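S.K.: predicted model and sequence follow; I will ask about them next.
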Amino acid sequence: MESDRPFEQRPEAGQEPLTPPPSDVAVAYLDEAAAVGRRRDVYVDRRLSARLHVANAIVFFAFFSLAMFASVPSRSTSIMLVLVPVLVWSRLQTELRESRGAQMRMTGQARAWYLAAFVVILGAFLTLTWLRISGQISVSPMLLIPGVLAGIVFGIFAFRDARRSVRQEHERPPRPPFSFGERMMTLAIGVGLGALAAASAAWGEIPVVASALFLVAVLGMLLWFLTAQVSGSVPAPGAVWRAPQWCVFAGAAGLLAVVAASPAFGVVVPGAIGFAIGTVIIAAFVVTAFVGGRHEE
C-alpha cells in the first residue's frame, strides 16, 4: 500500500533539510549518473571476466571432483595440499580481474546470490565427504555433484558477462610493468608450490615436516590475502603475468595435484621423484620470474 505522505528527508542531526532540486535538475543528475556508469563500463573487460569464470568452472570442478574421489578412509590426507594452488589461483585471477577494471564490491542482491551458491556447494561437498569417509557411499557419480554445481554457477556468471561483452566498447587501461615486487612474489609462489610437491611425496615418510610445510603455506597465503585487502602496495603478480607465467603456474598446480592425490588411488610417488618434481617447478618459476610480464616485450 502506497503512502499519501510526500517524500521526507532525514537530515543529519542539527542540520536543516536540503531544498529539493527542480525536476529538470533531478533528471540531469540521473542522466549523469547513468553516463558515469557507462564510462566506467568502458574500462571493465567483460570478455576477460567471462573467460575467467569459465576457468573458475574448470578449476573448481576439477578440485571438488578430485577431492571427492580421493577422500578415502585410511589413506593419505596429502590431498589437502591441492587446496593451496586453488587458493593461489583465486587470488591471482582476482588481481587480473581488478587490473581490467572490475571491482569486487557487490550489490546486496549479487552478494545474496553468491552466498547462497557458496552455501549449497559447500553443503553438498561436506555432506558427500562425510558419507564417503564414513564408508556409507563408495565410488559413485554422486561424488561429481559439488563439482557440477560449481561449474553451473560459474557457467551462469560466464554467460552473463559474455552477453554483456557483445555490446561493449572496451578500452584497456594502462598497466604497470613486471616490477621487482611482482618478480619476487612469482618466485615465492614457485618455491611454495615446489616445496609442497616435494612434501606431498614425502607425506607418508616424514608427515611432521610435510604437515609443517602445508601449515606454513596456508599461513603465508592468509597473510598475503589479508595484506592485499588492507594495503594497495602489495605486489599483484596476477595483474602483470603473461602466457609463460600462467602456463608454468598451471603446470605446477597440475603436477602438485597428481602427486598429492596419487596415494588415495594406491599409487605412492617416491620421495626422490617428488623432490625432483619440486625442483623442476621451482626452476621453471625462476626462469619465468625474469621473463617480461605484460606490457614488456
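M.R.: Perfect, I can see it now.
S.K.: surely Pro270 touches Ala201?
M.R.: Yes. Counting by C-beta atoms under 8 Å, Ala201 is a contact partner of Pro270 at 6.7 Å. Just so you know, the C-beta spots here come from the backbone N, C-alpha and C atoms, and that holds for glycine as well.
S.K.: neighbour-wise, which of the two wins?
M.R.: Ala201 (26 against 11; other C-beta atoms under 10 Å).
S.K.: give me the nearest residue to the more buried one, chain neighbours excluded.
M.R.: Distances taken as C-beta to C-beta, 6 or more residues apart in numbering put Gly274 closest to Ala201, at 2.1 Å, once the chain neighbours are dropped.
S.K.: what helix or strand is the one you found on?
M.R.: helix 271-289 (DSSP states H and E).
S.K.: so what touches that helix?
M.R.: Residues from elsewhere that reach helix 271-289 (C-beta atoms under 8 Å, 6 or more residues apart in numbering): 183-184, 186-187, 189-191, 193-202, 205, 244-245, 248, 251-252, 255-256, 259, 269.
S.K.: apply 7 Å and report the result again.
M.R.: Around helix 271-289, the neighbours that count as contacts under C-beta atoms under 7 Å, 6 or more residues apart in numbering are 183, 186-187, 189-191, 193-195, 197-198, 200-202, 205, 244-245, 248, 252, 255, 259.
S.K.: among the residues you listed, which are in helices?
M.R.: 183, 186-187, 189-191, 193-195, 197-198, 200-201, 244-245, 248, 252, 255, 259 (DSSP state H).
S.K.: what stretches of the stretch 1-150 of the chain score poorly on pLDDT?
M.R.: 1-21, 25-44, 71-78, 101-108, 110 (pLDDT under 70).
S.K.: change it to 80
M.R.: Where the stretch 1-150 of the chain drops to pLDDT under 80, the residues are 1-46, 70-80, 99-111, 133-140.
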